[in-house]
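Chemist: Would you be able to build a 3D model of this:
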Amino acid sequence: QVQLVESGGGSVQSGGSLRLSCAASGFTFHRYGFAWFRRAPGKEREGLSCISNSGGTNYADYVKGRFTISRDNAKNMVYLQMNSLKPDDTAVYYCAADPIYWGLGRSYGYWGQGTQVTVSS
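Modeler: Have a look, this model is predicted:
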């Protein structure tokens, strides 16, 4: 079955960096687009970045220049490098995948369970 497992979350001070990983299994990885989302306490889930099956990327304005999405088709992995982290980045971060949809909306068919990121000031 399709499985997405996020890792790499944790606690970091403001200005620090983290690299999130998403391990995918159960489907033909290279045919899928992926995205990273987050949900902060009391807020709705928001799209951060996405990457197509051909490697095209897109970013939300609030993370552009700080976050970088990438994929490794040989390892069935998707990554989110997060730099210059701020307390407002504190949230649960989710990986999503879909064989058709690619964008920053929530129309992805498959979701991971999330990993917590906490940024302290």
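
Chemist: Just to check, Ser84 is in contact with Phe67?
Modeler: No: taking contacts as Cβ atoms under 8 Å, Ser84 lies outside contact range of Phe67: 9.2 Å. In short, each C-beta sits where N, CA and C put it, glycine included.

Chemist: and the two? which has more neighbours close in?
Modeler: Between Ser84 and Phe67, counted using other Cβ atoms under 10 Å, Phe67 has the larger neighbour count: 20 against 13.

Chemist: Please name the spatially closest residue to the more buried one (chain neighbours excluded).
Modeler: Spatial nearest neighbour of Phe67, excluding adjacent residues (Cβ to Cβ, 6 or more residues apart in numbering): Met82 at 5.1 Å.

Chemist: so how many other residues sit close to the one you found?
Modeler: Neighbours of Met82 using other Cβ under 10 Å come to 25.

Chemist: And Thr68, by the same measure?
Modeler: Thr68 has 17 neighbours, counted by other Cβ under 10 Å.

Chemist: and if you look at Lys86?
Modeler: There are 13 residues near Lys86, going by other Cβ under 10 Å.

Chemist: how near is it to Asn58?
Modeler: Lys86 sits 21 Å away from Asn58, taking Cβ to Cβ, to the nearest Å as the criterion.

Chemist: Also Gly9?
Modeler: Applying Cβ to Cβ to Gly9 and Asn58 gives a distance of 22 Å.

Chemist: same deal with Ile100?
Modeler: Going from Ile100 to Asn58 by Cβ to Cβ gives 16 Å.

Chemist: ok, those two, which is more surrounded?
Modeler: Per other Cβ under 10 Å, whichever of Ile100 and Asn58 has more neighbours is Asn58, with 16 against 10.

Chemist: Disregarding flanking residues, what is the spatial nearest neighbour of the more buried one?
Modeler: Spatially, and ignoring its direct neighbours in sequence, Asn58 is nearest to Cys50 (5.2 Å; Cβ to Cβ, 6+ apart).
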